[in-house]
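**Q** I would like to see how this sequence folds:
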Amino acid sequence: MGIAEEDIERVRAAVPLVDVVRERVALRRVGRRWVGLCPFHAEKSGSFNVNEELGFYKCFGCGAKGDVITFVRETEHLEFAAAVERLAGKAGITLRYTTGGEGLERSRRTRLVALVEQAVEWYHQRLLQASDARPARDYLRSRGIDGATARTFRLGWAPDEWDALSRSLHVDERNLREAGLAFVNRRDRLQDVFRARLLFPIFTETGDAVGFGGRVLPGSSDPAKYKNSAESSVYAKSRILYGLNWAKAPVVAADRVVVCEGYTDVIGFHQAGVPEAVATCGTALTEDHVRLLRRFARRVVLAFDADAAGQGAAERFYQWERTHDVEVGVVRLPDGLDPADLARRDPAALARAVDQAEPFLGFRLHRVLRSGRGNAPEQRARTAADALAVVAEHPDVNVRTLYAGEIAAATGLPAADIVAAAKRGVASVRASAVAVAPAPAATRESGEVACLWLLLHRWDDIAPWLSEDLFADETCRRAFRALASGEGDFARSVALADPDVAELLERLAVVHFDLDPDLEACNLIAAAVRRSLGQIAARRDPNLAGDVTEAKLLLDDLERADRRSAAAERLLRWLERDEQR
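**A** Predicted coordinates for the structure are as follows:
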């Protein structure tokens, strides 16, 4: 069921954003805004800004932004509807639910999740009780997974039958197929997706059952060791992380999440006293995963072979570090051991390895230096070249320079030469640095930006003076169009804006300037007139001499408070005539 849109707007209007933010952040008033330390990333100086009138917050440090519903979603890790319901309870608002559009989709998702949950429980009880599951139970014991752990992670067993689950759930075929639990085989019969496999149920971060990862037992003739649920309307591999539903509280407490590759690795970490472990579900780590994890922690620790994916993956990691303000580290594991193996042999060593995780670049560099080709001059030069190739991938010249010192110390080559080479980097790295660097903020003192701020905060005081033609900067011109179309309403204007303009408006929403609307409008008009005078001068048309004299006299009047208003109106008409010349 969906929540009526009118009720969502009532909740937004009824619950003051500042009151909700103050429950988590100490705010101080600065002009028309509130400022404090961002709750979404560690910082020492306040970058978190709240505009009480617009009901909007933005952090200039990490980029977090949104309204009161977004704030509750992100800080309490809730879905949209749950956040609205939480706020409605605070405000004493009774919500109405719809069954159309979004409500129908939500109802459908709820139905499919409930069906997957039924399958989880059916497979779990089969593992715990059925005689045909004894080999699966024996295998789990051999991997150090006892009954209590199997119950915690709700592990299951899919029997070696064609349609045991489908027959037992008594659900129509369409729902079973939509939930990814069954399919129609070549004989036109309904068949279970999983057969003769140990099952690891997959949940969203909020605990909704959405799919399974299945592993065959040793000795199976099935060539596919692992099999995951197919993607469906409730299960998207690139946005789901196994174990996050159990790990999110420890992750928040530690401000650290450990990412591994296997379901048993996650279980091994938990058994070793590292409960902040999650795993990808048969896919590489994606930006959607990083975006999800950033809601819970700033430090992402990789517990798999981070070097195997090569330079392409490295560039993605560096970009994610800057775009999402995360720190990527890597756990160094003994050769030939995965986390699950080390958890059984020496759980304390696994926990220490996580605590001693190295920065991603440092891990890759030290691996190259440890595997150096020898002590001969030619060999040391080759090691230095290999190491520089790794360091050169990083987009930050300061980071490259610092690591260059380690290369020089390890290889004995002149530090000045290594540092110079690291500073130069390579062409692809320079391009990457440009791509991920934050766009420069608009000049706060510029007349055009000042007028946009006034349109956003004091629409009635300045809007009658302005038109699109007064804005020379293309971004500011598009911002004016968005504000004009939205009639100064912040949310409506942002919705109409392109990404660059939306970013500018969001920044202007949470900053405060002491501006005189009349003076700023006159400054903008004067700038437009001077641009037109420059164009007239370039045309060298003697017939326009009278127009030039008129404009200059009016610009002089614009400087006088008693004549400013009349001069501005006449200059606006002069500009209209200039367009027709």
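**Q** Off-centre distance for the helix or strand harbouring Asp265?
**A** When elements are assigned from DSSP states H and E, Asp265 belongs to helix 263-271. Taking CA atoms, centre = their mean, to the nearest Å, the mean C-alpha location of helix 263-271 is offset from the chain mean by 26 Å.
**Q** Pull out the buried positions in that helix.
**A** For helix 263-271, a neighbour-count test (16 or more other CB atoms under 10 Å) marks Tyr263, Thr264, Asp265, Val266, Ile267, Gly268, Phe269, His270, Gln271 as buried. C-beta coordinates here come from the backbone N, C-alpha and C atoms, glycine included.
**Q** and it, what does it pack onto?
**A** Here helix 263-271 touches helix 147-152, strand 256-260, strand 277-279, helix 339-345, helix 347-355, going by 3 or more CB pairs under 8 Å, 6 or more residues apart in numbering; DSSP states H and E.
**Q** will you turn these into JSON lines that also has mean pLDDT and mean neighbour count?
**A** Shown next, in JSON lines, are those (pLDDT from 0 to 100; neighbours: other CB atoms under 10 Å):
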{"stretch": "helix 147-152", "mean pLDDT": "96", "mean neighbour count": "14"}
{"stretch": "strand 256-260", "mean pLDDT": "94", "mean neighbour count": "26"}
{"stretch": "strand 277-279", "mean pLDDT": "96", "mean neighbour count": "29"}
{"stretch": "helix 339-345", "mean pLDDT": "90", "mean neighbour count": "21"}
{"stretch": "helix 347-355", "mean pLDDT": "93", "mean neighbour count": "17"}
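**Q** Minimum distance to Pro218: which of these has it?
**A** For Pro218, the closest of the helices and strands packed on helix 263-271 is helix 339-345, at 14.5 Å, according to CB to CB.
**Q** Mind giving me the packing neighbours of that closest one?
**A** The criterion is 3+ CB pairs under 8 Å, 6+ apart, and the helices and strands that helix 339-345 contacts are helix 263-271, helix 347-355.
**Q** Now render the ones you listed as a markdown table, adding distance to Val331.
**A** Output for those, formatted as a markdown table (distance: least, CB to CB, whole Å):
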| stretch | distance to Val331 |
| --- | --- |
| helix 263-271 | 10 |
| helix 347-355 | 5 |
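**Q** Helices of the stretch 251-400 of the chain, residue ranges please.
**A** Using DSSP state H, counting those that start in this stretch, the helices of the stretch 251-400 of the chain run over 263-271, 287-294, 311-324, 339-345, 347-355, 360-370, 377-391, 397-411.
**Q** correction: the stretch 1-150 of the chain
**A** 5-14, 17-22, 68-76, 80-91, 102-129, 134-142, 147-152.
**Q** for the last one, the distance to its chain's centre please.
**A** It stands for helix 147-152. Centroid displacement of helix 147-152 relative to its chain, using CA atoms, centre = their mean, is 33 Å.
**Q** heading toward the C-terminus, what's the first helix or strand past it?
**A** strand 156-158.
**Q** just checking, what packs against that next one?
**A** Applying 3+ CB pairs under 8 Å, 6+ apart, we find strand 156-158 packed against helix 102-129, strand 197-203.
**Q** which residues sit against the shortest one?
**A** So the one you mean is strand 197-203. 120, 123-124, 127, 136, 139-140, 153-158, 209-217, 227-229, 235, 240, 242, 244-245, 263, 281 (CB atoms under 8 Å, 6 or more residues apart in numbering).
**Q** helix or strand right after the worst-scoring helix or strand of the chain on mean pLDDT?
**A** Ranked by mean pLDDT, DSSP states H and E, the weakest helix or strand in the chain is helix 427-436, scoring a mean of 27. For helix 427-436, the following helix or strand on the C-terminal side (DSSP H and E) is helix 447-457.
**Q** What are the contacting residues of that next one?
**A** Here helix 447-457 has contacts from 32, 53-54, 442-444, 461-463, 466, 470-473, 476, 479-480, 483, 488, 490, 493, 504-505, 508-509, 511, 513, 515, 517, 520-521, 523-524, 527, using CB under 8 Å, 6+ apart.
**Q** Domain ranges for this structure, per the record?
**A** Following automatic domain parsing, one finds the domains of the chain at 2-98, 102-235, 239-363, 372-436, 447-580.
**Q** among these, which is the most enclosed?
**A** Per-stretch averages of neighbours, counted by mean count of other CB atoms under 10 Å, single out domain 239-363 among those, with a mean of 20.
**Q** Report the distance from that domain to the chain centre.
**A** 17 Å.
**Q** what's the first-to-last distance across that domain?
**A** End-to-end distance of domain 239-363: 26 Å, with CA to CA, to the nearest Å as the criterion.
**Q** now stretch 528-547
**A** With CA to CA, one end of stretch 528-547 sits 15 Å from the other.
**Q** Check the average confidence over that stretch, would you?
**A** Averaged across stretch 528-547, the pLDDT comes to 82.
**Q** Give me the residues contacting it.
**A** 469-470, 472, 548, 551-552, 554-555, 571, 574-575, 577-578, 581.
**Q** quick one: contacts for the residue nearest to the spatial centre of the chain?
**A** The centroid of the chain falls nearest to Arg291 when counting by CA atoms, centre = their mean (3.0 Å). Neighbour list for Arg291: His324 [criterion: CB under 8 Å, 6+ apart].
**Q** From Ala249, how far off is it?
**A** 20 Å (CB to CB, to the nearest Å).
**Q** tell me, which of the helices and strands packed on strand 156-158 is the model least confident about?
**A** Across the helices and strands packed on strand 156-158, the lowest-scoring stretch is helix 102-129, with a mean of 87.
**Q** Low-confidence stretches in this protein?
**A** Within the chain, the segments meeting pLDDT under 70 span 1, 98-106, 305-315, 373, 425-446, 578-581.
**Q** if you set the cut-off to 50 instead, what comes out?
**A** Along the chain, the parts satisfying pLDDT under 50 run over 309-312, 426-445.
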